[in-house]
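Student: got a predicted structure here, sequence first:
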Amino acid sequence: MSDDENLSPNFITIDGKNYSQSDLSDEQLYFLRQIQSCNIKINNLKFDLDQVQASAMVFNQRLSKSIEQTKPKKMG
């Protein structure tokens, strides 16, 4: 399935073929809605992952900087 901006919202492209949503069965429309919902969740999770990875990178940098600024303690 792919989005084709040139088609009206009543049409869908599946495996390279265009279909009118009115020709799809209730089950097929259900699958289509599930796929759309999954794609939204995937995009939201990617967005959240980018934020968390950026935060982790900042905290790692701050930890390294903090350790560099402390005087090493003598062992033994």
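Tutor: Structure's in. What do you need? Just so you know, these numbers come straight off a predicted model, no measurement behind them.

Student: give me the pLDDT for the closest residue in space to N10 that isn't next to it in sequence.
Tutor: In this structure, N10 finds its nearest non-sequential neighbour in Q21, 5.1 Å apart by C-beta to C-beta, 6 or more residues apart in numbering. Glycine gets a C-beta too; all of them are placed from N, C-alpha and C. pLDDT recorded at Q21 is 93.

Student: SS state for Y19?
Tutor: Assigned state for Y19: strand (three-state reduction, DSSP: H, G, I helix; E, B strand; the rest coil).

Student: burial measure for it, as a count.
Tutor: Counted with other C-beta atoms under 10 Å, the neighbours of Y19 add up to 17.

Student: what sits closest to it if chain neighbours are left out?
Tutor: Using C-beta to C-beta, 6+ apart, the nearest residue to Y19 is I12, at 5.4 Å.

Student: isn't there a helix covering that neighbour?
Tutor: No: assessed with three-state DSSP, I12 is strand; it does not lie in a helix.

Student: the residue nearest to N10 and Y30, how far apart?
Tutor: When C-beta to C-beta, to the nearest Å is the yardstick, Q21 and Y30 sit 12 Å from each other.

Student: where does this protein have low pLDDT?
Tutor: 1-8, 76 (pLDDT under 70).

Student: the residue nearest to N10 reaches L29, doesn't it?
Tutor: Yes: under the criterion of C-beta atoms under 8 Å, Q21 makes contact with L29 at 6.7 Å.
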